[in-house]
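Colleague: Following is a predicted model, sequence given first.
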Amino acid sequence: MPLLKTPLNAVHRALGAKMVDFGGWDMPVEYQGVLDEHSAVRERAGLFDVSHMGELEVRGPQALDLVQHLTVNDASKLKPGQAQYSALLYGHGGFVDDILVHKVADEHYFLCVNASNQDKDYQHLAAHNRFDASVENAGPRYAQLAVQGPLATGVVQKLTDIHLTPIKRYHFVDGHFSGAPARIARTGYTGEDGWEIYIAPQFAERLWKEILAADAGILPCGLGARNTLRLESAMPLYGHEIHASITPWEAGLDWIVKLDKGDFLGREALVKQKQRGLTRKLAGFEVQGRGIARDGYEILKNGVGSGWVTSAGVIRGGPAPALNKNIGMGFLPVPLSEAGHAIEISVRGRGVEAVTVPMPFYKRAR
Amino acid sequence: MYPENYRYTKEHEWVHVENGVGTIGITDHAQHELGDIVYVELPKIGTHVEQAKNFAVVESVKAASEIFAPVSGEVIAANDALTATPELLNSDAHGAGWIAKIKLSVPEEIDRLLSPTDYQAYLGEG
C-alpha cells in the first residue's frame, strides 16, 4: 500500500524535512534537528503538522451514551467547548487507543484518535453502537496543525479574532482562523501551553505558512521532537506505553478512569485487576552509565531480566550547551517501579546503569 | 566536500591512509542522514578489526548505527574527544570527527574502496 500523505507533504519536502514511514503515513521526522526543535518548543514555539491524526464524529440523541459506554473517563462531566483525555478499552481491560473527547454540543462529540488506529477505532465504535447515535470516520475532512510552546498563544492570536486568553487548557472554540473555519483547542502533546487547530485540508498550506511567518521564534518541528517532548512530559504513546496487553492501571493512567461513572466496556476487568493487585507498572528512568537506551531494550535488575523499555530518548538537559540526558519509560515489577531503584538497561549485551526516577521528567513553570 | 585523498565505502565510512595508518570516520552524508549524534562507542585500542565488520557504534537521537571498518588492521588510536563531544561528528565529519586510526594489515584492501567521484556518483544514484 502506498504511504498516506497529509496536505502538507510537498511543503515538508520543500523545507528539506527528513521523511519517515510513521504507521503508514509519510511524515516529517525532523527539519533542522530534533534537539533544536525540542528546545524551540520549550523556549519559544514549534509548529507541527499532525494532520495524520484521526477524527471521529459521534452524533445523535444517544451520542453521550455511546461515548460513555466505550471510554474510561466521564464524558457526562463535559460542557460544550470542553475536551478530556480518555481511552477506549477492550472488554479485557487492554487499550484499543488513547483519545481526546471534545464535546461540541449535547448531541455531538468529536474524538481525536491516533493516526494508525483511526480505522480500528471507527470499527470499534461502530461494532458497539447499539445506541441512537451515528459514527463518522471524519479523518479525511480534517487537517490539524499544532502550535506549541510559550509563544504559541501570541502566535495563534495574531491569526484569529477569537480572544484566546480566557480559553482554559482542555477547552476549545469553533470560529475562524485567518479566514478558514477552524476548531481551535488549547490542547497538545508536548507538555507546553499550546493549541491544536482543526481545519479543512485545503487551508492547510496557507495557514502553515502564515503561522511560520507570524513570529521569528517559531520553528517547524517533526515527529522526532514531538516524541521527545511527549516523553519528557511522560505522556504515553500508543504501541509503546499502551496497547492491547496493557491496562490503564499498569500505564499509570488511573486518573482518567472513572469507575463510579457507571458501566463501560473494560470496567469489570479493571475492577478485577485492582482487586488482584498489579504485577507490573510503568516507571521512568534516567540512564547514568555510558550508553543509550532504546525502545524495546531489556531492563535488568542485578543482571536479571525484569522488564522492557517502552520509550527512550536523548534530550538536552537545559538551554544549550547543557549536557544531554537519556531518559525513558518502561515496565517493571511493581516494587521496582518506585523512584530510586538502581537498574540496568541491556545495551548490545552490556548492562548500562540507570536509576528509576519520578515522572514526569519535565513540568513547565506556570 | 569529499576530500580527494580519502577513500569511501558504500556504507558511508571514509579512510585516509598515510604511512600505513588509516584514519577512519563517517561521511558528511552519513552524519546528515543520522541527525544529531549523541553517543559514540569507540573501538578499544589494540583490537584487530576486519574490513566490512562492525567496529564502532554511532548513536543519533533517532537510532543506533553500526560502523563498519573500511580496512582491516589493529586499532592504534581512538578519538576520545567524541566521548564528551559526539556532535563533532555532525560539525566536522571529515576532520575533527574522526573515529579511530588503524594500522593496515592488508594495504591492498584500499583498492576496493570508492574514490570521491565514485562515492558521490553512488550517492547521486540513491
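Modeller: Thanks, I have the structure now. What you see is a predicted model, and the numbers here were worked out from it, not measured in a lab.

Colleague: contacts and neighbour counts: CA atoms only from here.
Modeller: Noted.

Colleague: In contact with residue 110, which residues?
Modeller: Since no chain was named, I'll use chain A. A:Phe110 sits next to A:Glu55, A:Leu56, A:Glu57, A:Val58, A:Val101, A:His102, A:Lys103, A:Val104 when contact means C-alpha atoms under 8 Å, 6 or more residues apart in numbering or on different chains.

Colleague: that's the other chain; I wanted chain B
Modeller: Here B:Ile110 is in contact with B:Arg7, B:Pro70, B:Val71 (C-alpha under 8 Å, 6+ apart).

Colleague: Going along the chain, name the helices of chain B.
Modeller: B:28-34, B:81-84, B:88-91, B:116-125 (DSSP state H).

Colleague: ok, the residue of chain B at minimum distance from chain A to A:Val155 distance?
Modeller: Among all residues of chain B, B:Val61 sits closest to chain A, at 5.8 Å; criterion: C-alpha to the nearest C-alpha. According to C-alpha to C-alpha, to the nearest Å, B:Val61 stands 28 Å off from A:Val155.

Colleague: who in the stretch 151-300 of chain A is up against chain B?
Modeller: The stretch 151-300 of chain A comes close to chain B at residues A:Gly224, A:Gly291, A:Ile292, A:Arg294, as judged by C-alpha under 8 Å from any C-alpha of the partner chain.

Colleague: Model confidence for the closest residue to the last one other than its chain neighbours, exactly?
Modeller: This means A:Arg294. Nearest residue to A:Arg294 in three dimensions, chain neighbours excluded: A:Ala312, at 5.2 Å (C-alpha to C-alpha, 6 or more residues apart in numbering or on different chains). For A:Ala312, the pLDDT comes out at 97.

Colleague: Quick check on A:Ala312: phi, psi?
Modeller: Backbone geometry at A:Ala312, expressed as degrees, to the nearest 10, gives phi -150, psi 150.

Colleague: Would you format the contacts of B:Ile110 as TSV with neighbour count included?
Modeller: Formatted as TSV, these follow (neighbours: other C-alpha atoms under 10 Å in any protein chain shown):
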residue	neighbour count
B:Arg7	24
B:Pro70	31
B:Val71	29
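
Colleague: and those residues as CSV, adding distance to A:Ile246 and pLDDT?
Modeller: Shown next, in CSV, are the contacts of B:Ile110 (distance: C-alpha to C-alpha, whole Å; pLDDT from 0 to 100):
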residue, distance to A:Ile246, pLDDT
B:Arg7, 50, 98
B:Pro70, 45, 97
B:Val71, 48, 97
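
Colleague: Beta-bridge partners for the residue nearest the centre of chain B, please?
Modeller: Centroid check for chain B by C-alpha atoms, centre = their mean gives B:Gly25 as the closest residue, at 2.3 Å. In this entry, B:Gly25 is beta-bridged to B:Trp14, by DSSP bridges.

Colleague: need the residues of chain B near chain A, please.
Modeller: B:Gly35, B:Asp36, B:Val38, B:Tyr39, B:Glu41, B:Glu59, B:Val61, B:Lys62, B:Ala63.

Colleague: Spatially, what comes nearest to the fourth one if we skip its sequence neighbours?
Modeller: Distance criterion C-alpha to C-alpha, 6+ apart; nearest residue to B:Tyr39, sequence neighbours excluded, is B:Glu59 at 5.1 Å.

Colleague: Does the one you found touch B:Leu82 like I think?
Modeller: No: using C-alpha atoms under 8 Å, B:Glu59 is not in contact with B:Leu82; the gap is 11.6 Å.

Colleague: Overlap of the contact sets of those two?
Modeller: Taking C-alpha under 8 Å, 6+ apart as the criterion, B:Glu59 and B:Leu82 both touch B:Tyr39, B:Val40.

Colleague: that older thread, was I right about the residue nearest to A:Arg294 contacting A:Leu231?
Modeller: Yes: look at A:Ala312 against A:Leu231 with C-alpha under 8 Å: they come within range, at 7.4 Å.

Colleague: between those two, what contacts are shared?
Modeller: A:Gly328, A:Met329.

Colleague: can you give me the mean pLDDT across stretch B:21-37?
Modeller: pLDDT averaged over stretch B:21-37 gives 96.

Colleague: Give me the buried entries from the residues of chain B next to chain A.
Modeller: When the residues of chain B next to chain A are checked for burial by 16 or more other C-alpha atoms under 10 Å in any protein chain shown, the buried set is B:Gly35, B:Asp36, B:Val38, B:Tyr39, B:Glu41, B:Glu59, B:Val61, B:Lys62.
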